[in-house]
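Undergrad: give the three-dimensional model of this entry:
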Amino acid sequence: MIPNYQQFMRPFLEIAQAADGSEVKLRDVINQIADQLNLTEDERSETLPSGRQSILDNRIGWARTYLTKAGLLEVTRRAHFVISDRGIKALQDPNAVINNHYLKQFDEFIAFKEQKNDTSRSQVKTPSGTDDSTSEITPDEALNAAYKTINDALTSELLSRTRKVTPAFFEDLLIQLLLAMGYGGTGEGAAHALGKSGDNGIDGVIDQDPLGVDQIYIQAKRYAEGNNIGASDIRDFFGALNLKKAQKGIFITTSDFTSSAQQTARDLGMRIVLINGQELSKLMLRYNIGSRDEQVLHLKKIDEEFFEE
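TA: Numbering: from 1, shown residues only. You can find the predicted model right below:
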(Lines give C-alpha, C1' and ligand atoms only; values in the text may rest on other atoms or scores of the structure.)
Protein backbone atom coordinates (compact mmCIF):
# COMPACT_ATOMS: atom_id res chain seq x y z
CA MET A 1 0.00 0.00 0.00
CA ILE A 2 1.34 3.44 -0.96
CA PRO A 3 1.59 5.79 2.06
CA ASN A 4 -0.02 9.21 1.96
CA TYR A 5 2.13 12.16 0.94
CA GLN A 6 2.73 13.41 4.49
CA GLN A 7 4.21 10.04 5.46
CA PHE A 8 6.87 10.55 2.79
CA MET A 9 8.24 13.72 4.37
CA ARG A 10 10.57 12.16 6.95
CA PRO A 11 11.93 9.45 4.57
CA PHE A 12 12.64 12.17 1.99
CA LEU A 13 14.59 14.21 4.54
CA GLU A 14 16.46 11.14 5.78
CA ILE A 15 17.65 10.29 2.27
CA ALA A 16 18.70 13.91 1.71
CA GLN A 17 20.59 13.93 5.02
CA ALA A 18 22.36 10.67 4.15
CA ALA A 19 23.83 12.42 1.11
CA ASP A 20 26.04 14.30 3.63
CA GLY A 21 25.75 17.73 2.06
CA SER A 22 25.56 16.55 -1.53
CA GLU A 23 22.47 17.16 -3.60
CA VAL A 24 19.94 14.41 -4.23
CA LYS A 25 17.91 13.87 -7.37
CA LEU A 26 14.13 13.58 -7.06
CA ARG A 27 13.96 10.43 -9.17
CA ASP A 28 16.63 8.75 -7.06
CA VAL A 29 14.74 9.63 -3.88
CA ILE A 30 11.54 8.16 -5.30
CA ASN A 31 13.32 4.93 -6.23
CA GLN A 32 15.03 4.64 -2.84
CA ILE A 33 11.80 5.17 -0.93
CA ALA A 34 10.01 2.63 -3.12
CA ASP A 35 12.78 0.13 -2.40
CA GLN A 36 12.67 0.82 1.34
CA LEU A 37 8.93 0.16 1.38
CA ASN A 38 9.25 -2.93 -0.83
CA LEU A 39 6.58 -1.56 -3.15
CA THR A 40 5.52 -3.90 -5.94
CA GLU A 41 5.85 -2.98 -9.60
CA ASP A 42 2.08 -2.52 -9.76
CA GLU A 43 2.18 -0.10 -6.83
CA ARG A 44 5.06 1.83 -8.39
CA SER A 45 3.28 2.14 -11.74
CA GLU A 46 -0.26 2.79 -10.47
CA THR A 47 -1.40 6.11 -11.91
CA LEU A 48 -3.79 8.88 -11.01
CA PRO A 49 -7.13 8.85 -12.88
CA SER A 50 -5.60 11.19 -15.46
CA GLY A 51 -3.08 8.47 -16.31
CA ARG A 52 -0.33 11.06 -16.70
CA GLN A 53 1.54 10.54 -13.45
CA SER A 54 2.05 7.71 -11.03
CA ILE A 55 0.51 8.01 -7.57
CA LEU A 56 3.93 7.37 -6.05
CA ASP A 57 5.56 10.21 -8.01
CA ASN A 58 2.66 12.53 -7.21
CA ARG A 59 2.71 11.93 -3.46
CA ILE A 60 6.47 12.12 -3.06
CA GLY A 61 6.47 15.17 -5.31
CA TRP A 62 4.02 16.95 -3.04
CA ALA A 63 6.03 15.94 0.02
CA ARG A 64 9.04 17.56 -1.61
CA THR A 65 7.04 20.69 -2.45
CA TYR A 66 5.81 21.16 1.11
CA LEU A 67 9.25 20.48 2.60
CA THR A 68 10.74 23.03 0.23
CA LYS A 69 8.10 25.66 1.02
CA ALA A 70 8.77 25.14 4.74
CA GLY A 71 12.52 25.56 4.23
CA LEU A 72 13.53 22.01 5.19
CA LEU A 73 14.82 21.36 1.68
CA GLU A 74 16.57 23.70 -0.72
CA VAL A 75 16.41 23.53 -4.52
CA THR A 76 19.87 23.46 -6.09
CA ARG A 77 18.92 22.93 -9.74
CA ARG A 78 16.31 21.16 -11.81
CA ALA A 79 14.84 18.32 -9.69
CA HIS A 80 17.84 18.35 -7.33
CA PHE A 81 17.79 19.22 -3.65
CA VAL A 82 19.86 19.41 -0.48
CA ILE A 83 18.66 19.24 3.10
CA SER A 84 18.80 22.55 4.97
CA ASP A 85 19.88 23.20 8.55
CA ARG A 86 16.20 23.37 9.42
CA GLY A 87 15.65 19.95 7.87
CA ILE A 88 18.57 18.47 9.79
CA LYS A 89 17.19 19.89 13.03
CA ALA A 90 13.78 18.37 12.29
CA LEU A 91 15.36 14.92 12.03
CA GLN A 92 17.22 15.26 15.33
CA ASP A 93 14.03 14.45 17.21
CA PRO A 94 13.27 10.80 16.27
CA ASN A 95 9.78 11.12 17.75
CA ALA A 96 8.80 14.19 15.74
CA VAL A 97 6.05 13.51 13.22
CA ILE A 98 6.98 15.59 10.21
CA ASN A 99 3.74 16.49 8.49
CA ASN A 100 1.71 19.58 7.58
CA HIS A 101 0.98 20.30 11.23
CA TYR A 102 4.70 20.21 12.04
CA LEU A 103 5.50 22.49 9.09
CA LYS A 104 3.04 25.12 10.31
CA GLN A 105 5.60 26.37 12.83
CA PHE A 106 7.47 27.99 9.93
CA ASP A 107 6.32 31.37 8.62
CA GLU A 108 7.27 30.51 5.03
CA PHE A 109 4.98 27.49 5.05
CA ILE A 110 2.10 29.44 6.61
CA ALA A 111 2.46 32.11 3.93
CA PHE A 112 2.47 29.44 1.22
CA LYS A 113 -0.66 27.77 2.64
CA GLU A 114 -2.52 31.07 3.03
CA GLN A 115 -1.74 32.01 -0.55
CA LYS A 116 -2.87 28.56 -1.71
CA ASN A 117 -6.09 28.71 0.31
CA ASP A 118 -6.98 32.16 -1.01
CA THR A 119 -7.22 30.68 -4.51
CA SER A 120 -9.21 27.60 -3.49
CA ARG A 121 -11.90 28.77 -1.05
CA SER A 122 -14.63 27.77 -3.47
CA GLN A 123 -13.34 24.20 -3.89
CA VAL A 124 -15.09 21.26 -2.27
CA LYS A 125 -13.74 19.73 0.92
CA THR A 126 -11.59 16.68 0.79
CA PRO A 127 -13.57 13.42 0.86
CA SER A 128 -12.58 12.78 4.47
CA GLY A 129 -14.01 16.14 5.46
CA THR A 130 -10.78 17.05 7.27
CA ASP A 131 -8.63 20.15 6.93
CA ASP A 132 -5.38 20.17 5.01
CA SER A 133 -3.32 19.51 8.14
CA THR A 134 -4.63 15.99 8.49
CA SER A 135 -5.66 15.22 4.92
CA GLU A 136 -4.00 12.13 3.55
CA ILE A 137 -4.50 13.03 -0.11
CA THR A 138 -2.54 15.41 -2.31
CA PRO A 139 -4.20 18.43 -3.96
CA ASP A 140 -4.17 16.51 -7.25
CA GLU A 141 -5.98 13.59 -5.64
CA ALA A 142 -8.50 15.94 -4.02
CA LEU A 143 -9.18 17.54 -7.40
CA ASN A 144 -9.56 14.15 -9.05
CA ALA A 145 -11.92 13.02 -6.27
CA ALA A 146 -14.07 16.12 -6.73
CA TYR A 147 -14.06 15.62 -10.50
CA LYS A 148 -15.16 12.01 -10.08
CA THR A 149 -17.93 12.98 -7.66
CA ILE A 150 -19.30 15.54 -10.10
CA ASN A 151 -19.12 13.15 -13.05
CA ASP A 152 -20.73 10.29 -11.11
CA ALA A 153 -23.66 12.56 -10.28
CA LEU A 154 -23.93 13.69 -13.90
CA THR A 155 -23.87 10.18 -15.35
CA SER A 156 -26.54 9.08 -12.88
CA GLU A 157 -28.76 12.01 -13.92
CA LEU A 158 -28.10 11.37 -17.63
CA LEU A 159 -29.13 7.73 -17.27
CA SER A 160 -32.25 8.61 -15.31
CA ARG A 161 -33.37 11.09 -17.95
CA THR A 162 -32.51 8.78 -20.85
CA ARG A 163 -34.76 6.07 -19.42
CA LYS A 164 -37.70 8.49 -19.57
CA VAL A 165 -37.39 9.72 -23.16
CA THR A 166 -39.60 8.55 -26.04
CA PRO A 167 -38.42 5.76 -28.38
CA ALA A 168 -37.91 8.30 -31.17
CA PHE A 169 -35.85 10.56 -28.92
CA PHE A 170 -33.82 7.55 -27.76
CA GLU A 171 -33.12 6.65 -31.38
CA ASP A 172 -31.93 10.18 -32.14
CA LEU A 173 -29.81 10.21 -28.98
CA LEU A 174 -27.99 7.04 -30.02
CA ILE A 175 -27.50 8.34 -33.55
CA GLN A 176 -25.87 11.48 -32.18
CA LEU A 177 -23.69 9.45 -29.83
CA LEU A 178 -22.49 7.03 -32.51
CA LEU A 179 -21.78 9.89 -34.92
CA ALA A 180 -19.84 11.72 -32.20
CA MET A 181 -17.81 8.54 -31.67
CA GLY A 182 -16.88 8.52 -35.38
CA TYR A 183 -19.39 6.00 -36.76
CA GLY A 184 -21.87 6.50 -39.58
CA GLY A 185 -19.77 8.54 -41.97
CA THR A 186 -20.22 12.23 -42.66
CA GLY A 187 -22.70 12.26 -45.53
CA GLU A 188 -26.24 13.63 -45.53
CA GLY A 189 -27.70 10.23 -44.72
CA ALA A 190 -25.52 9.68 -41.68
CA ALA A 191 -28.19 10.87 -39.26
CA HIS A 192 -30.55 8.15 -40.51
CA ALA A 193 -28.04 5.34 -40.32
CA LEU A 194 -29.88 3.43 -37.60
CA GLY A 195 -33.11 2.86 -39.45
CA LYS A 196 -36.58 2.75 -37.90
CA SER A 197 -37.47 2.79 -34.25
CA GLY A 198 -39.06 -0.13 -32.50
CA ASP A 199 -40.76 -0.85 -29.20
CA ASN A 200 -38.86 0.72 -26.29
CA GLY A 201 -35.70 0.88 -28.35
CA ILE A 202 -34.25 0.47 -31.82
CA ASP A 203 -32.63 -2.16 -33.99
CA GLY A 204 -30.52 -1.12 -36.91
CA VAL A 205 -27.20 -0.91 -38.68
CA ILE A 206 -24.65 1.84 -38.90
CA ASP A 207 -21.57 2.25 -41.09
CA GLN A 208 -18.28 1.83 -39.28
CA ASP A 209 -16.53 3.99 -41.86
CA PRO A 210 -17.56 6.85 -44.19
CA LEU A 211 -17.77 4.56 -47.24
CA GLY A 212 -19.90 1.92 -45.56
CA VAL A 213 -17.36 -0.82 -46.26
CA ASP A 214 -17.80 -2.22 -42.76
CA GLN A 215 -21.07 -2.21 -40.87
CA ILE A 216 -22.06 -2.78 -37.27
CA TYR A 217 -25.46 -4.13 -36.30
CA ILE A 218 -27.03 -2.63 -33.23
CA GLN A 219 -29.76 -3.62 -30.85
CA ALA A 220 -30.84 -1.19 -28.16
CA LYS A 221 -33.35 -1.51 -25.36
CA ARG A 222 -34.59 1.44 -23.34
CA TYR A 223 -35.42 -0.49 -20.19
CA ALA A 224 -36.05 0.59 -16.61
CA GLU A 225 -33.59 -0.23 -13.86
CA GLY A 226 -33.84 -3.87 -12.85
CA ASN A 227 -35.31 -5.01 -16.16
CA ASN A 228 -32.05 -6.61 -17.20
CA ILE A 229 -31.13 -8.26 -20.48
CA GLY A 230 -30.93 -12.06 -20.27
CA ALA A 231 -28.99 -14.73 -22.13
CA SER A 232 -31.88 -15.45 -24.50
CA ASP A 233 -31.79 -11.85 -25.77
CA ILE A 234 -28.09 -12.23 -26.53
CA ARG A 235 -28.65 -15.52 -28.36
CA ASP A 236 -31.47 -13.97 -30.43
CA PHE A 237 -29.22 -11.07 -31.39
CA PHE A 238 -26.42 -13.47 -32.27
CA GLY A 239 -28.80 -15.37 -34.53
CA ALA A 240 -29.78 -12.14 -36.26
CA LEU A 241 -26.11 -11.35 -36.83
CA ASN A 242 -25.60 -14.75 -38.43
CA LEU A 243 -28.52 -14.20 -40.79
CA LYS A 244 -26.98 -10.92 -41.87
CA LYS A 245 -23.53 -12.54 -42.06
CA ALA A 246 -22.37 -9.73 -39.81
CA GLN A 247 -19.03 -9.90 -38.03
CA LYS A 248 -19.87 -7.72 -35.07
CA GLY A 249 -22.72 -6.25 -33.12
CA ILE A 250 -23.42 -3.83 -30.27
CA PHE A 251 -26.15 -4.46 -27.72
CA ILE A 252 -27.08 -1.31 -25.80
CA THR A 253 -29.43 -1.14 -22.84
CA THR A 254 -30.30 1.52 -20.29
CA SER A 255 -30.59 -1.24 -17.68
CA ASP A 256 -27.96 -3.97 -17.30
CA PHE A 257 -27.02 -7.47 -18.39
CA THR A 258 -27.43 -10.55 -16.26
CA SER A 259 -24.31 -12.57 -15.51
CA SER A 260 -25.59 -15.32 -17.82
CA ALA A 261 -26.03 -12.78 -20.62
CA GLN A 262 -22.46 -11.58 -20.16
CA GLN A 263 -21.16 -15.15 -20.16
CA THR A 264 -23.16 -15.95 -23.30
CA ALA A 265 -21.63 -12.96 -25.08
CA ARG A 266 -18.15 -14.16 -24.09
CA ASP A 267 -18.88 -17.71 -25.22
CA LEU A 268 -19.95 -16.43 -28.62
CA GLY A 269 -16.45 -15.21 -29.33
CA MET A 270 -16.75 -11.56 -28.26
CA ARG A 271 -18.54 -10.69 -31.50
CA ILE A 272 -21.09 -8.82 -29.43
CA VAL A 273 -20.13 -5.75 -27.42
CA LEU A 274 -22.36 -5.11 -24.42
CA ILE A 275 -23.02 -1.55 -23.25
CA ASN A 276 -25.12 -1.21 -20.12
CA GLY A 277 -26.74 1.91 -18.70
CA GLN A 278 -23.70 3.00 -16.71
CA GLU A 279 -21.37 2.68 -19.70
CA LEU A 280 -23.89 4.41 -21.97
CA SER A 281 -24.18 7.40 -19.65
CA LYS A 282 -20.38 7.63 -19.36
CA LEU A 283 -20.10 7.68 -23.16
CA MET A 284 -22.79 10.37 -23.33
CA LEU A 285 -20.84 12.46 -20.84
CA ARG A 286 -17.56 11.91 -22.64
CA TYR A 287 -18.96 12.92 -26.04
CA ASN A 288 -21.22 15.70 -24.74
CA ILE A 289 -24.52 14.06 -25.63
CA GLY A 290 -27.07 15.55 -23.25
CA SER A 291 -24.32 17.48 -21.47
CA ARG A 292 -21.95 20.31 -22.25
CA ASP A 293 -18.71 21.79 -20.98
CA GLU A 294 -19.43 24.39 -18.34
CA GLN A 295 -15.86 25.37 -17.58
CA VAL A 296 -12.41 24.09 -18.44
CA LEU A 297 -9.62 24.09 -15.85
CA HIS A 298 -6.05 24.06 -17.14
CA LEU A 299 -3.66 22.45 -14.66
CA LYS A 300 -0.18 23.88 -14.98
CA LYS A 301 3.21 22.65 -13.82
CA ILE A 302 6.66 24.15 -13.81
CA ASP A 303 8.62 23.79 -17.05
CA GLU A 304 11.89 22.59 -15.56
CA GLU A 305 13.74 22.82 -18.89
CA PHE A 306 12.90 26.51 -19.15
CA PHE A 307 14.94 27.24 -16.04
CA GLU A 308 17.87 25.00 -16.89
CA GLU A 309 20.94 27.04 -17.65
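Undergrad: tell me which helix or strand of this structure sits lowest on mean pLDDT?
TA: Comparing helices and strands within the chain by mean pLDDT, DSSP states H and E singles out strand 197-198 as the least confident, with a mean of 44.
Undergrad: can you count the residues close to Lys148?
TA: Using other Cβ atoms under 10 Å as the criterion, Lys148 is surrounded by 12 other residues. C-betas here are computed from N, CA, C, even on glycine.
Undergrad: how about it, what does it touch?
TA: Pro49 (Cβ atoms under 8 Å, 6 or more residues apart in numbering).
Undergrad: also Leu268?
TA: Here Leu268 is in contact with 234, 238 (Cβ under 8 Å, 6+ apart).
Undergrad: what mean pLDDT does stretch 248-255 get?
TA: Averaging pLDDT along stretch 248-255 yields 92.
Undergrad: try stretch 277-289
TA: Mean pLDDT, taken over the full extent of stretch 277-289, equals 94.
Undergrad: what does it contact?
TA: The contact list for stretch 277-289, computed with Cβ under 8 Å, 6+ apart, reads 151, 154-156, 158-159, 162-163, 173, 176-177, 180-181, 225, 252-256, 275, 290-291.
Undergrad: for that stretch, list every residue counted as buried.
TA: Residues of stretch 277-289 classed as buried under the neighbour-count rule (16 or more other Cβ atoms under 10 Å) are 277, 279-285, 287, 289.
Undergrad: spatially, which two of those residues are the most separated?
TA: The most widely separated members of these are Gly277 and Tyr287, with 16.0 Å between them, by Cβ to Cβ.
Undergrad: narrow the contacts of stretch 277-289 to just the buried residues.
TA: By the neighbour-count criterion of 16+ other Cβ under 10 Å, those include these buried positions: 154-155, 158-159, 162-163, 173, 176-177, 252-256, 275, 290-291.
Undergrad: show only the entries of these found in helices.
TA: When helices are assigned by DSSP state H, the members of those inside them are 154-155, 158-159, 162, 173, 176-177.
Undergrad: and the residue nearest to Ile33 when sequence neighbours are not counted, how many neighbours?
TA: Computed as Cβ to Cβ, 6 or more residues apart in numbering, the closest residue to Ile33 that is not its neighbour in sequence is Pro11, at 5.2 Å. As a burial measure, the neighbour count of Pro11 was computed by other Cβ under 10 Å and equals 18.
Undergrad: the helices in the stretch 101-250 of the chain, which residues?
TA: All helices of the stretch 101-250 of the chain, identified by DSSP state H, counting those that start in this stretch, fall at 107-118, 139-162, 167-180, 231-243.
Undergrad: the last one packs against which elements?
TA: Contacts defined by 3 or more Cβ pairs under 8 Å, 6 or more residues apart in numbering; DSSP states H and E place helix 231-243 against strand 215-221, strand 249-253, helix 259-267, strand 272-275.
Undergrad: with distance to Ala146 added, can I get those in TSV?
TA: Written out in TSV, the entries for the helices and strands packed on helix 231-243 read as follows (distance: least, Cβ to Cβ, whole Å):
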stretch	distance to Ala146
strand 215-221	33
strand 249-253	30
helix 259-267	32
strand 272-275	27
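Undergrad: Phe8 is in contact with Leu39, correct?
TA: No: in terms of Cβ atoms under 8 Å, Leu39 does not count as a neighbour of Phe8; the distance is 11.8 Å.
Undergrad: of these two, which one has the most company?
TA: Between Leu39 and Phe8, Phe8 has the larger neighbour count (other Cβ under 10 Å), namely 25 against 17.
Undergrad: now the more buried one: how far from Asn151?
TA: 29 Å (Cβ to Cβ, to the nearest Å).
Undergrad: and the gap between the spatially most central residue of the chain and Glu136?
TA: Centroid check for the chain by Cα atoms, centre = their mean gives Pro49 as the closest residue, at 2.8 Å. With distances defined as Cβ to Cβ, the gap from Pro49 to Glu136 amounts to 17 Å.
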